[in-house]
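In: turn this into a model:
(chains A and B)
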There are 2 protein chains.
Amino acid sequence: MSAAASPPSKRARTAENTQDTTYELLYHPTIPGRGEYIRLIFEASSVPYTDVSNSTKNDVYWALSTTPTQSHPPIFALPALRVSFPQNDPLVISQTPSIVEYVAHAVGLAPGPPLSAANLLARQLLLTALDLSNETHDTHHPIAVMMYYEEQKAEAARRAADFRGSRLPKFLAHLEAALEWNKEDVEGRRGGGRYLVGHGLSYADLVWWQVLDGLLYAFPNELAARKSDYPHIFDTFYPGIKNDEGAVSAYVKSDRRLPYSDGLYRRYPELDREAAA
Amino acid sequence: MSAAASPPSKRARTAENTQDTTYELLYHPTIPGRGEYIRLIFEASSVPYTDVSNSTKNDVYWALSTTPTQSHPPIFALPALRVSFPQNDPLVISQTPSIVEYVAHAVGLAPGPPLSAANLLARQLLLTALDLSNETHDTHHPIAVMMYYEEQKAEAARRAADFRGSRLPKFLAHLEAALEWNKEDVEGRRGGGRYLVGHGLSYADLVWWQVLDGLLYAFPNELAARKSDYPHIFDTFYPGIKNDEGAVSAYVKSDRRLPYSDGLYRRYPELDREAAA
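Out: Below you'll find the predicted structure:
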């Protein structure tokens, strides 16, 4: 495994993406949601992007982005990313993990070329983080995404109980073990509990961080009760990105970051563990 | 978009993977499950692989594959793939979409390099197919993966009704539109309803085919009622891979292919539409 030693801006970028490439994020307005996984990659790299729905205060791109044209095929769901080049045809990419990894390669936040061992590890961790993201969503929507929470409260209570008691600790134990595996100074690996792949920031770290942040919002009591079981996560990894990671730390504390509300991560006290006495 | 004109065995392979590379699929025995998405890539390319649990008739690799070692980090869940090279260190890859795409690049079933427009389209379609796969699983396990179906039958009935009435037609309409988009003979695209990307077989086709085949097993009445709405899918695409695609057609009709049972795709008549009178 090759580790990336340089800060993000010095890492390898793909030949096609240059300073003249423009990026437009197409996503529902007002919520962090799945769009936030993509925003964090741009923010950490300081590469400019346009958050179309939020900057234009309308949602017209929903219709545009889902209509197939000669230049791009149909999209199943947002988020999507439109990438415009000075010379090549534009790209419209959908599916969150694909967008995250594409942008990371473009801006220098991938730990190696697409088929390298380091990138395959980052991709595996990315996909597992997004599985946890989906399972978190399903705690409040276990029956139907198009119904209101109030129409599936009984099922949500049962699913959330299983999530808190079984799934959440399984995922957190996996993340803790991955940080432990990459902790030691062997063969160039020295994440020190702070990085998941090699010894520099990658897209795997940023996406896991956002999932943890969403969970801390949605299930504060459950996380408070469990966090001492996962010292790499909660003593080193989570605060490291929040406080000591330059541009992305500044972003997550800024008022540009959208607040959680009725999106992917929701706070329903009845789905959380009861508060400690 | 560049289309692959040659049969799979003639397409570009990655430099690292040669005839001396060996592939071991690590998955639960006896069920097609998520392992089948990976098996189809190997079968279509005629590149040899070992299906470890089924060929040794035990499940020892479950424990082995989930234990981190110096050479590979922890795995969250199977399937996993162990790739051994004559000279480089072995790789252990997990997460179904990552394994599928890795193998496709190695055996010549990817439509272009990883960051090409053609491959980004194939990846998008792959990830959407696997989202449908997960939603199909959740029709019989909407509450907890570690509980029996019988413990969540009421919730399953409600989720399956939404799946059949809302989610399934949305996914099928998307697949039909993607086949339509790639149908015409413009700019080298001429899938003709048979291929999703360019004019040759890719991993996107194989994974979508397996999802359709699983759905035809699990929800035969629902599919019978709807299939005339999607002529590209059911008149051209699905039968094309089943009957006219060489090695993979031979495989899906062989007794080497594992039967569906109590895995990802299950047939519970009470979750399906009632049979037509």
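
In: so where do the strands sit in chain A?
Out: Ranges of strands in chain A, per DSSP state E, are A:22-26, A:50-51, A:80-84, A:91-94.

In: can you lay out the ones you listed as JSON lines showing mean pLDDT, mean neighbour count and distance to chain B?
Out: For the C-beta atoms, the positions are set from N, CA and C on the backbone; glycine is no exception. Formatted as JSON lines, these follow (pLDDT from 0 to 100; neighbours: other CB atoms under 10 Å in any protein chain shown; distance: least, CB to the nearest CB, whole Å):
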{"stretch": "strand A:22-26", "mean pLDDT": "93", "mean neighbour count": "21", "distance to chain B": "14"}
{"stretch": "strand A:50-51", "mean pLDDT": "92", "mean neighbour count": "17", "distance to chain B": "20"}
{"stretch": "strand A:80-84", "mean pLDDT": "92", "mean neighbour count": "22", "distance to chain B": "9"}
{"stretch": "strand A:91-94", "mean pLDDT": "91", "mean neighbour count": "23", "distance to chain B": "5"}
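
In: neighbours around residue A:173, how many?
Out: By other CB atoms under 10 Å in any protein chain shown, the residues close to residue A:173 number 15.

In: can you give me the angle the helix ranked longest in chain A makes with strand B:80-84?
Out: Secondary structure of chain A per DSSP state H: the longest helix is helix A:117-140. Going by axes from the mean of the first three to the mean of the last three CA atoms, to 10 degrees, helix A:117-140 is angled at 180 degrees with respect to strand B:80-84.

In: in helix A:117-140, what counts as buried?
Out: A:117-133, A:135-140 (16 or more other CB atoms under 10 Å in any protein chain shown).

In: now do the contacts for the closest residue to residue A:110 other than its chain neighbours.
Out: Excluding its sequence neighbours, the residue lying closest to residue A:110 (CB to CB, 6 or more residues apart in numbering or on different chains) is residue A:104, at 4.3 Å. By CB atoms under 8 Å, 6 or more residues apart in numbering or on different chains, the residues touching residue A:104 are A:41, A:110, A:122, A:202, A:203.

In: show me which pair in the residues you listed is furthest apart.
Out: A:41 and A:122 (11.8 Å; CB to CB).

In: mutual contacts of the two, please.
Out: Joint contacts of residue A:41 and residue A:122 (CB under 8 Å, 6+ apart) are A:104, A:203.

In: just name the shakiest helix or strand of chain A by mean pLDDT.
Out: Lowest on mean pLDDT, DSSP states H and E among the helices and strands of chain A sits helix A:60-66, with a mean of 57.

In: leaving out chain neighbours, which residue sits closest to residue A:139?
Out: Nearest to residue A:139 is residue A:160, by CB to CB, 6+ apart, at 4.3 Å.

In: residues contacting that neighbour?
Out: Residue A:160 neighbours (CB under 8 Å, 6+ apart): A:139, A:140, A:271, A:272.

In: which of the residues you listed sits closest to residue A:48?
Out: Distances from residue A:48 to the contacts of residue A:160, taken by CB to CB, are shortest for residue A:140, at 34.0 Å.

In: wait, isn't the closest one in contact with residue A:266?
Out: Yes - Residue A:140 is within contact range of residue A:266, at 5.3 Å (criterion: CB atoms under 8 Å).

In: can you work out which residues contact both of these two?
Out: Common neighbours of residue A:140 and residue A:266 are listed as residue A:149 (criterion: CB under 8 Å, 6+ apart).

In: hang on, residue A:146 packs against residue B:163?
Out: No - contact criterion CB under 8 Å: residue A:146 and residue B:163 do not qualify, at 11.5 Å.

In: which residues do these two both contact?
Out: Counting by CB under 8 Å, 6+ apart, residue A:146 and residue B:163 have no common neighbour.

In: residue contacts, the closest residue to residue A:82 other than its chain neighbours?
Out: Counting by CB to CB, 6+ apart, residue A:24 is the residue found nearest to residue A:82 once chain neighbours are left out, at 4.3 Å. Going by CB under 8 Å, 6+ apart, residue A:24 touches A:49, A:50, A:52, A:61, A:81, A:82, A:83, A:84.

In: residues contacting the first one?
Out: Put plainly, it is residue A:49. A:23, A:24, A:25, A:39, A:42.

In: hmm, back to that, out of the strands of chain A, which is closest to residue B:183?
Out: Of the strands of chain A, nearest to residue B:183 by CB to CB is strand A:91-94, at 18.8 Å.

In: can you list the strands that the closest one pairs with?
Out: When pairing is defined by DSSP bridges, strand A:91-94 lines up against strand A:80-84 (antiparallel).

In: phi first, then psi, for residue A:267.
Out: When quoted as degrees, to the nearest 10, the phi and psi of residue A:267 stand at phi -100, psi 100.

In: count the residues that sit near it.
Out: Neighbour count of residue A:267, defined by other CB under 10 Å: 14.

In: is it true that it touches residue A:217?
Out: Yes - assessed by CB under 8 Å, residue A:267 is found in contact with residue A:217 at 6.0 Å.

In: low-confidence ranges, the stretch 51-200 of chain A, go.
Out: For the stretch 51-200 of chain A, residues meeting the criterion pLDDT under 70 lie at A:57-68, A:185-189.

In: need the helices for it, in chain order.
Out: A:52-56, A:60-66, A:96-107, A:117-140, A:153-162, A:168-181 (DSSP state H, counting those that start in this stretch).

In: how big is the angle separating the last one from helix A:153-162?
Out: Spelled out, it's helix A:168-181. Here helix A:168-181 runs at an angle of 40 degrees relative to helix A:153-162 (the same axes, to 10 degrees).

In: now do the buried residues in helix A:168-181.
Out: Buried-residue list, helix A:168-181, by 16+ other CB under 10 Å: A:168, A:169, A:171, A:172, A:174, A:175, A:176, A:177, A:178, A:179, A:180, A:181.
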